[in-house]
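Colleague: Task: produce atomic coordinates for the following.
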Amino acid sequence: MNMGISDVTLQGLFGPLSGSSYCVLASTQLTTPLKQLKSKRRKCSFYMKLQSYSGIDPNLLLINGAQVKSFQGKADRNRSQFLKCQCQRTDGIPGISSEDGNGAWLKGHSGAKRQFEATAQKVFDIEEIKQVRHDNEEIILNDDKSASTGAVKFAPPKRKGSSIEDEALHLLQESVVHYCGTPVGTIAAKVLTDVSALNYDQVFIRDFVPSGIAFLLKGEYDIVRNFILHTLQLQSWEKTIDCHSPGQGLMPASFKVRTVPLDGDDSATEEVLDPDFGEAAIGRVAPVDSGLWWIILLRAYGKCSGDLSVQERIDVQTGIKMILKLCLSDGFDMFPTLLVTDGSCMIDRRMGIHGHPLEIQALFYSALLCAREMLAPEDGSADLLRALNNRLIALSFHIREYYWVDMKKLNEIYRYKTEEYSYDAVNKFNIYPDQIPPWLVEWMPDIGGYLIGNLQPAHMDFRFFSLGNLWSIVSSLATTQQSHAILDLIEAKWSDLVADMPLKICYPALDGQEWRIITGSDPKNTPWSYHNGGSWPTLLWQLTIACIKMNRLELAARAVEVAERRLSIDKWPEYYDTKSGRFIGKQSRLYQTWSIAGFLVAKQLLAKPDAAKILWNEEDAEIISAFNFMTDSGSPRRKRGRKPLKKTYIV
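Modeller: Coordinates of the predicted model:
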């Protein structure tokens, strides 16, 4: 019998309620109806409407984090079913500054930090790497059907973590942000100076992905689950940019946990989730990649934890469909690639990547495959799945055929004829051979190739973009042959792409007049700095997954060894400057969380390579068949007329 509790009884037991710091929360099952999930902002009320005491389980109360039996005398419930709300006045919480409303629960660091040796221990001996690869080769190649129904079975680590790994794990734990007593993400960077924090004290969706993977690999699933469900409830908020609403299904770039006064009572506070859809960002650009990363992380959570109940929830299924409909909507664009503006992805400043940048296409392709795997079969999904499959086939052909460049393709472009008008044109995008930059003629190795950064009418961006190429390998957007060629190029151009710190975000840097025109003379994106050719340690985890997928662990271990020499000593910077990456970035934030998490995930995956399967996508048999048909059985440059295909593919 669920007995009610009166105000008088509660006050008699625990003292006056007014001005107190206690409330009882339901568990984080988040079984809120769908209409409420689309509320305009999430609140954790300080009082949680204590008038409705009949809804409180009388058998267990949480008072200042301690379990208290009620007068019914029944056995205690599982503590996980009730959570203490951390919506207390900030002056009553030790270790939290009243000026810091991000809920990160960061503790002071007044003591001197441990110093680490300049020369770190090597990641793995080459013989050890070969042994690990040999031990896990059958597991990696095996069709693990249990991944779709249960947790991935990870092999035990081969070695204990180093002191640098321990430091990285400690810093990652310190970066955790709490909302109403539960972990919901990690802040972008731990700001230790008086300089403005900008938005580095917020939880970014793209930044949290390596953090989430690190937690999953350690078996800490709750924070990832909470992150997925809470960000879902922020989807399509009402904030606008100059009175224009974001599209339905748009995921925020970031959110902040704020502590604000409770309405009508200045002595009490509540926590709210305050999302940013780009209306407060530098450049005011809405994020395109947030929703794509969210789908990828959702699939990884299910595969790693074995908990498929999250992706099967009605609200989560609806969230996936809303993202897909936003990305698959018809427009004026004729290409199967996703049309976006500058600053809509990891490169979030003006860098000349507007149009159809490779990074977005690789994430788009991966998200489509992940969504198809998770969508529940039902009548309402039939049309969406049909559009999804058509887009997958068309997108894979378009990228593999038109974005790929190696010495053979470069020679072909060099001899292009222009102004071709017909369905059988070879130079379909009217690319002028003079567009081939002089640096590429000397830089392209005889063995290896890569996917260019962008393709538009009469324009090819020949720059090498690391994330787009690496995720093309991970998602199987690139063919097996192309994937090996990309890693061959990274190995051949190691001194340019890795040098003293992995990994160049793009190569080469924009310089001179080109830099002034394309970046708008951006003082932060000067040559070989930040997004303009800077070195980003967070890219280590994507490189490691790509190398494991292609069974080339030595390459990833070599890159991690280079990073391990400096990251801890340099206080985990966001990025490095100069062509060789020898200097910490001039405006680089220290203790950058995704630098820490990227390194940690790379080390975890090198120790347990089979765990990387939770992130990559296997090549689809139907897509392979369609691609082979379109390229006329191995003739990738054949002229295609208007002859109808057996199946309708949009190319």
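Colleague: Let me see the mean pLDDT of the longest helix seen in the chain.
Modeller: The residue-count maximum for a helix in the chain (DSSP state H) belongs to helix 382-402. Helix 382-402 comes out with an average pLDDT of 95.
Colleague: ok, residues contacting it?
Modeller: Helix 382-402 has contacts (CB atoms under 8 Å, 6 or more residues apart in numbering) with 321, 324-325, 328, 335-337, 358, 361, 364-365, 368-369, 371-372, 375, 428-429, 451, 455, 472, 477-479, 482, 620, 622-623, 626-627, 630-631, 636, 648-651. In this view, the C-beta of every residue, glycine as well, is placed from N, C-alpha and C.
Colleague: Quick one: buried ones out of those?
Modeller: Buried subset of those (neighbour count, 16 or more other CB atoms under 10 Å): 321, 324, 335-337, 358, 361, 364-365, 368-369, 371-372, 375, 451, 455, 472, 477-479, 482, 620, 623, 626-627, 630-631, 649.
Colleague: what packs against the longest strand along the chain?
Modeller: Using DSSP state E to define each element, the chain has its longest strand at strand 265-276. On a contact count with 3 or more CB pairs under 8 Å, 6 or more residues apart in numbering; DSSP states H and E, strand 265-276 meets strand 42-44, strand 254-262.
Colleague: Go through the ones you listed and find the least confident stretch.
Modeller: Mean pLDDT is lowest for strand 42-44 among these, at a mean of 49.
Colleague: Which ones among the buried ones among the contacts of helix 382-402 map onto strands?
Modeller: Those of these lying in strands (DSSP E): 451, 455.
Colleague: what's the angle between the longest strand of the chain and strand 254-262?
Modeller: Calculated by axes from the mean of the first three to the mean of the last three CA atoms, to 10 degrees, strand 265-276 forms an angle of 170 degrees with strand 254-262.
Colleague: buried stuff in strand 265-276?
Modeller: 268-276.
Colleague: From these, pick the one nearest residue 486.
Modeller: For those, the minimum distance to residue 486 (CB to CB) is 33.6 Å, reached by residue 276.
Colleague: quick one: contacts for the closest one?
Modeller: Residues near residue 276 by CB under 8 Å, 6+ apart: 199, 202, 252-256.
Colleague: Now with 6 Å, please.
Modeller: 252-254 (CB atoms under 6 Å, 6 or more residues apart in numbering).
Colleague: show me where the stretch 551-651 of the chain has helices.
Modeller: 553-564, 593-607, 621-630 (DSSP state H, counting those that start in this stretch).
Colleague: what is the orientation angle of the second one with helix 553-564?
Modeller: Taking the same axes, to 10 degrees, one finds helix 593-607 and helix 553-564 inclined to each other by 140 degrees.
Colleague: Sketch out the helices for the stretch 351-500 of the chain, chain order is fine.
Modeller: Counting by DSSP H, counting those that start in this stretch, the helices of the stretch 351-500 of the chain are 358-374, 382-402, 407-414, 438-443, 466-474, 480-492, 494-497.
Colleague: Run the chain-centre distance for the longest one.
Modeller: In this case it means helix 382-402. 22 Å (CA atoms, centre = their mean, to the nearest Å).
Colleague: Output that helix as PDB, nothing but the C-alphas.
Modeller: C-alpha atoms of helix 382-402 as PDB (Å, rounded to 0.1, in the frame of the first residue of the first chain):
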ATOM      1  CA  ALA A 382       9.300   1.100 -44.900                       C
ATOM      2  CA  ASP A 383       9.500   4.300 -46.900                       C
ATOM      3  CA  LEU A 384      12.400   5.700 -44.800                       C
ATOM      4  CA  LEU A 385      14.400   2.500 -45.100                       C
ATOM      5  CA  ARG A 386      13.800   2.500 -48.900                       C
ATOM      6  CA  ALA A 387      15.100   6.000 -49.200                       C
ATOM      7  CA  LEU A 388      18.000   5.200 -46.800                       C
ATOM      8  CA  ASN A 389      19.100   2.200 -48.900                       C
ATOM      9  CA  ASN A 390      18.900   4.200 -52.200                       C
ATOM     10  CA  ARG A 391      21.000   6.900 -50.600                       C
ATOM     11  CA  LEU A 392      23.600   4.500 -49.300                       C
ATOM     12  CA  ILE A 393      24.200   3.000 -52.800                       C
ATOM     13  CA  ALA A 394      24.300   6.300 -54.500                       C
ATOM     14  CA  LEU A 395      26.500   8.000 -51.900                       C
ATOM     15  CA  SER A 396      29.100   5.100 -51.900                       C
ATOM     16  CA  PHE A 397      29.400   5.200 -55.700                       C
ATOM     17  CA  HIS A 398      29.700   9.000 -55.800                       C
ATOM     18  CA  ILE A 399      32.500   9.200 -53.200                       C
ATOM     19  CA  ARG A 400      34.400   6.100 -54.400                       C
ATOM     20  CA  GLU A 401      34.300   7.200 -58.000                       C
ATOM     21  CA  TYR A 402      34.600  11.000 -57.900                       C
END
